[in-house]
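Novice: Quick one: sequence plus predicted model below, questions after.
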Amino acid sequence: MIPVREELTLALPIVIRRAVAQDLPLLEWYGRYAKYRRVFWRTFQQQQRGERLMLLAVCNGFPIGQVFVFFHNGERPEHGARAYMYSLRVMDMFRGQGIGTALIHSAERHAREQGCVVMSLGVAKTNQRARALYERLGYTVYGEDSGEWMYVDQHGKRRKVTEPSWVLEKTLFMG
Ligand SMILES: CC(C)(COP(=O)(O)OP(=O)(O)OC[C@H]1O[C@@H](n2cnc3c(N)ncnc32)[C@H](O)[C@@H]1OP(=O)(O)O)[C@@H](O)C(=O)NCCC(=O)NCCS
């Protein structure tokens, strides 16, 4: 058989922006995250009320990366508003090119604009590489969490997740 190998180098523009309703089915990534269909819709409604933010990295109209942010007052509101970042993910074939870092920086900028002084997040104890990324970006471990949460999947079934996690945070200095 004649070997076939041809190369094509593409420059693909990636846009980071807030999710719109049309993005929601695409966030399921062809079925892989269909189980989060209701979570996506609920988060989108919370975004419409200004309580959360769904930031997407979009390539040719398709969301290839995402991070969600939850704004809250924390247990000590006198210490200032806080933000919590979660569901950071980038499609496998786009990893290692700075998209995750760009999403985190964008989430931090938005949190600062909302007046938040601290960004926190949880990372599974088994996810050493993601923890390394957060630490490189200035996050430090300040606690741990059982990582238990529930969601209702696309079939209406309640699903329980248990993912023991480190809790990290970073002070968002005002520029
Ligand atoms: C973590 C993740 C969002 C990073 O996105 P990215 O675009 O690859 O990030 P960047 O290119 O800006 O940075 C690369 C760094 O991400 C981390 N990373 C890369 N691949 C990873 C993977 N499969 N899982 C976890 N972290 C990974 C590493 O620290 C890597 O640095 P290294 O190559 O020097 O080890 C992406 O890898 C991912 O979606 N992983 C699976 C989901 C996940 O672990 N999310 C974090 C939950 S807290």
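Specialist: Thanks, I have it. Numbers count the residues shown, from 1 in each chain.

Novice: how distant is stretch 5-24 from the center of its chain?
Specialist: 17 Å (CA atoms, centre = their mean, to the nearest Å).

Novice: buried stuff in that stretch?
Specialist: Judged by neighbour count (16 or more other CB atoms under 10 Å), stretch 5-24 contains these buried residues: Ile14, Ile16, Ala19, Asp23, Leu24. Every C-beta, even on glycine, is put in place using the N, C-alpha and C of the backbone.

Novice: Leaving out sequence neighbours, find the closest residue to the third one.
Specialist: By that I understand Ala19. Once flanking residues are discounted, Ala19 sits nearest to Met54: 3.8 Å by CB to CB, 6 or more residues apart in numbering.

Novice: Mind checking which of the buried residues of stretch 5-24 land in strands?
Specialist: Counting by DSSP state E, the part of those found in strands is Ile14, Ile16.

Novice: Which one of the buried residues of stretch 5-24 is nearest to the ligand?
Specialist: Distance to the ligand, by CB to the nearest ligand atom, is smallest for Ile14 among the buried residues of stretch 5-24, at 9.9 Å.

Novice: That closest one: what's it in contact with?
Specialist: Counting by CB atoms under 8 Å, 6 or more residues apart in numbering, Ile14 touches Ala57, Val58, Cys59, Ile64, Gly65, Ile99, Ala102.

Novice: Out of these, which is nearest to Arg89?
Specialist: Among those, Gly65 lies closest to Arg89 (CB to CB), at 6.7 Å.

Novice: Now the phi/psi pair for the spatially most central residue of the chain, please.
Specialist: For the chain, the residue nearest the mean C-alpha position is Val67 (2.0 Å; CA atoms, centre = their mean). Main-chain dihedrals, Val67, degrees, to the nearest 10: phi -150, psi 140.
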